[in-house]
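**Student:** heads up, no residue letters with this:
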């Protein structure tokens, strides 16, 4: 019988791109926490111009994105686009056979840990009026038995009405939430501390037990306009980005739980 013939699938670009050891190391560093070029250079022990070169290569395929810091416009924070990576890997598999596709399944947070072993996660921003409140609510909604989320701010301000609105349309009610001060939590133990604001990252204190530190450079949606109507689209983008990041964070925590001392 004649052999089945088909055109040979070309090597997908993504494999050559991420197969380089430095680029894979960069993706690994950025898959959990945002980093500046100087920090990546220190972590990988290579010159900053080398880091910049490989980041530029990753950006050509959308695997890495950057954002100017709202604390210091001279700084830029980089993050890995894990959704884009999943998409490219899925396309590569389908090039071999249509059945070889990546099916991304978010971890079933309920039941991932026993309730007594929930991991305490603290989300921080400057005012605790929007970003960290949204993150706390989303983490509690998506991973209610995996994590115990908290939030606070270095300079607390009243809860922003758009934070309430943008979550209400997604079935989450935070209308009774109140802003909390970071100073009131410095003696508590957390498994993970996630800073969402470049400014609060610079003033974040040391917490007992040396929790895992993560930084996400998330812009303040309230700065995108002068009225609630003007800023609402920024809040929509904010909650969409945080929902994606928190799902990946939950997957990471499920596989990398901190020690028992950090349990809630």
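**Tutor:** Perfect, I can see it now. Note that the structure is a prediction, hence the values are computed from the model and not measured.
**Student:** setting aside sequence neighbours, what's the nearest residue to residue 31?
**Tutor:** Excluding its sequence neighbours, the residue lying closest to residue 31 (CB to CB, 6 or more residues apart in numbering) is residue 80, at 4.7 Å. Quick note: C-beta positions are derived from backbone N, CA and C, even for glycine.
**Student:** so what's the nearest residue to residue 174 once chain neighbours are set aside up against?
**Tutor:** Once flanking residues are discounted, residue 174 sits nearest to residue 137: 5.0 Å by CB to CB, 6+ apart. Shown in contact with residue 137 (CB atoms under 8 Å, 6 or more residues apart in numbering): 149, 167, 172, 174, 177.
**Student:** quick one: the last one and residue 157, what's the gap?
**Tutor:** Applying CB to CB, to the nearest Å, one obtains 13 Å for the distance of residue 177 from residue 157.
**Student:** buried sites along stretch 56-65?
**Tutor:** Across stretch 56-65, burial judged by 16 or more other CB atoms under 10 Å covers 57, 58, 61, 63, 64.
**Student:** quick one: the last one from residue 194, how far?
**Tutor:** Counting by CB to CB, the separation of residue 64 from residue 194 is 20 Å.
**Student:** picking up where we left off before, and the pLDDT at the residue nearest to residue 31?
**Tutor:** pLDDT recorded at residue 80 is 97.
**Student:** please verify my assumption that it contacts residue 62.
**Tutor:** No - when contacts are counted by CB atoms under 8 Å, residue 80 is not listed as touching residue 62 (10.4 Å).
**Student:** burial of the residue nearest to residue 31, as a residue count?
**Tutor:** 22 (other CB atoms under 10 Å).
**Student:** tell me who's in contact with it.
**Tutor:** Residue 80 neighbours (CB under 8 Å, 6+ apart): 27, 30, 31, 63, 64.
**Student:** and residue 165, how many neighbours does it have?
**Tutor:** 14.
**Student:** mind listing what residue 134 touches?
**Tutor:** The contact partners of residue 134, taken as CB under 8 Å, 6+ apart, are 163, 166, 167, 174, 235, 238, 239, 242.
**Student:** may I see those residues organised as a markdown table, with pLDDT added?
**Tutor:** A markdown table is the format used below for these (pLDDT from 0 to 100):
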| residue | pLDDT |
| --- | --- |
| 163 | 97 |
| 166 | 97 |
| 167 | 97 |
| 174 | 97 |
| 235 | 97 |
| 238 | 96 |
| 239 | 96 |
| 242 | 97 |
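**Student:** so which of the residues you listed are in strands?
**Tutor:** Here DSSP state E is the test, and the contacts of residue 134 give no hits in strands at all.
**Student:** these in helices, which ones?
**Tutor:** 163, 166, 167, 235, 238, 239, 242 (DSSP state H).
**Student:** grab the nearest non-local neighbour of residue 46.
**Tutor:** Of all residues not flanking residue 46 in the chain, residue 22 sits nearest, at 6.7 Å (CB to CB, 6+ apart).
**Student:** tell me the secondary structure for that neighbour?
**Tutor:** On the three-state scheme (DSSP: H, G, I helix; E, B strand; the rest coil), residue 22 is labelled helix.
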